[in-house]
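Q: missing the sequence, but the structure's below:
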């Protein structure tokens, strides 16, 4: 099926180093680790760094799936395109709704914490009390302008903020290790240090997986990437391993700074900041600056990549066509971007204001709710790989790479998924499984109706291959 040149993004705009930087920025190590590590420790104890390593291994199973898809048919539609081509237009359309909603809700967590962290930083070091909602709105407006004006511009700024964040985190980690060098031991890296065995790992495992959400960023930038069949798979694997190694260092140095006191770690709202404060209080501003740059780079990365799911699904006819329009000058999906980030801002501010929820609590609640449909999509994409290969590339099918590895990845993803939906959780987490179930039902009905009313949809899905001309 022919494609329209006016709905093509600007091809060959990004190199390998740029999409890796965008992926790392999307994962936002400072923000994710600051608010996630305490929960992981409360479950796994001193051996919590190994929970992060296990999460990285599980995510690597997913990178194999997305890398294989990208080698054969790189697409801005990423998960949605691959699922649709494997299971048909009805399932693809349903996936476009599920994933877009999940990403919007998860993005609201970053929007909320952007204002919350900026508010805390300003209040601590300047003294003025500016409402976090206003700061969230300002941050997202800046991000919206940058991403709408061009992929190269916004990715460059995301990279700048990420590498500044990385430098501050590394400085903080090494200061902790030097100051507390007498407490250095192998304990955090020993399996015997994990509290509660498998149950202990499971308690913090969903959040450990959450630390890596954004690993898929480069796949959605395929159409704007030079040689996407080679560079996207490389970026997926490199980004996941690099961020995993960084998390391991941060987790180890934080535990050393706390001298292995699990109780104190679990009680700390932000363990890394408290550990840094106890190691070099005069340099505490570095930790807060790392948080600010992390959140800002995450907003840039997620808006660039996740809004492209909305754009691609619209361009291929699975969602309203208005979201598939491209800015004539900047060649960016500006309507999809503004709609995506606008929805995330609305969720954060409306729910935060209406229910008087503080930004940190809102970060946890929206992050958890948004993660459930995202993880479901990960799982289904793994199942789609063998179907896709047998359907379109049977001669290249390899049982281990295209069947065993993705099936094992799906089984492993059931672990964090169950942790997010298991019965007996406090409100509002107890209602999240039912909310997502409702979303799945509505999305499924939408997909069936759309597929029946648009017989040509099966040809449209995957019609925009990243490295092919119109």
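A: Great, that's in hand. Computed from a predicted structure; not experimentally measured.

Q: In contact with the residue lying farthest from the centre of the chain, which residues?
A: What lies farthest from the middle of the chain is residue 182; by C-alpha atoms, centre = their mean that is 36.4 Å. By C-beta atoms under 8 Å, 6 or more residues apart in numbering, the contact list for residue 182 is empty. Every C-beta, even on glycine, is put in place using the N, C-alpha and C of the backbone.

Q: Ok, residue 224 next?
A: 9, 10, 11, 12, 13, 14, 151.

Q: For the helix or strand residue 287 falls within, list every residue counted as buried.
A: Element membership for residue 287 (DSSP states H and E) is helix 284-315. By neighbour count on 16 or more other C-beta atoms under 10 Å, the buried set for helix 284-315 is 284, 286-315.

Q: for residue 213, what are its contacts?
A: Residue 213 makes contact with 27, 106, 371, 374, according to C-beta under 8 Å, 6+ apart.

Q: Name the member of those residues with the shortest distance to residue 384.
A: residue 374 (15.3 Å; C-beta to C-beta).

Q: Now the closest one: which helix or strand?
A: Element membership for residue 374, per DSSP H and E: helix 359-392.

Q: What is that helix packed up against?
A: Applying 3 or more C-beta pairs under 8 Å, 6 or more residues apart in numbering; DSSP states H and E, we find helix 359-392 packed against helix 29-44, helix 48-72, helix 78-87, helix 89-125, helix 197-210, helix 334-354, helix 405-421, helix 432-453.

Q: Which one of these lies nearest to residue 234?
A: helix 48-72 (8.4 Å).

Q: circling back to that earlier point, okay, the helices and strands packed on helix 359-392, which one's buried deepest?
A: helix 78-87 (a mean of 27; mean count of other C-beta atoms under 10 Å).

Q: any idea how far that one is from the chain center?
A: Relative to its chain's centre, helix 78-87 lies at 19 Å (C-alpha atoms, centre = their mean, to the nearest Å).

Q: what's the answer for stretch 324-333, then?
A: 24 Å.

Q: what residues does it touch?
A: When contacts are defined by C-beta under 8 Å, 6+ apart, stretch 324-333 is touched by residues 6-10, 147-151, 307-308, 310-312, 314-316, 323, 334-336.

Q: try 7 Å
A: Outside stretch 324-333, the residues that touch it by C-beta atoms under 7 Å, 6 or more residues apart in numbering are 6-7, 9-10, 147-151, 307-308, 311, 314-315, 334-335.

Q: Out of the residues you listed, flag the one nearest to residue 447.
A: Using C-beta to C-beta, those come closest to residue 447 at residue 314, 14.7 Å.

Q: my guess is residue 24 contacts residue 243, does it?
A: Yes - checked against C-beta atoms under 7 Å, the pair residue 24 and residue 243 is within contact range at 6.0 Å.

Q: More neighbours: those two, which one.
A: residue 24 (30 against 26; other C-beta atoms under 10 Å).

Q: quick one: the more buried one from residue 169, how far?
A: 12 Å (C-beta to C-beta, to the nearest Å).

Q: Residue 140 now?
A: Following C-beta to C-beta, the distance that separates residue 140 from residue 169 is 24 Å.

Q: give me the number of residues near the closest residue to residue 284 other than its chain neighbours?
A: Distance criterion C-beta to C-beta, 6 or more residues apart in numbering; nearest residue to residue 284, sequence neighbours excluded, is residue 277 at 5.2 Å. Using other C-beta under 10 Å, residue 277 has 15 other residues around it.
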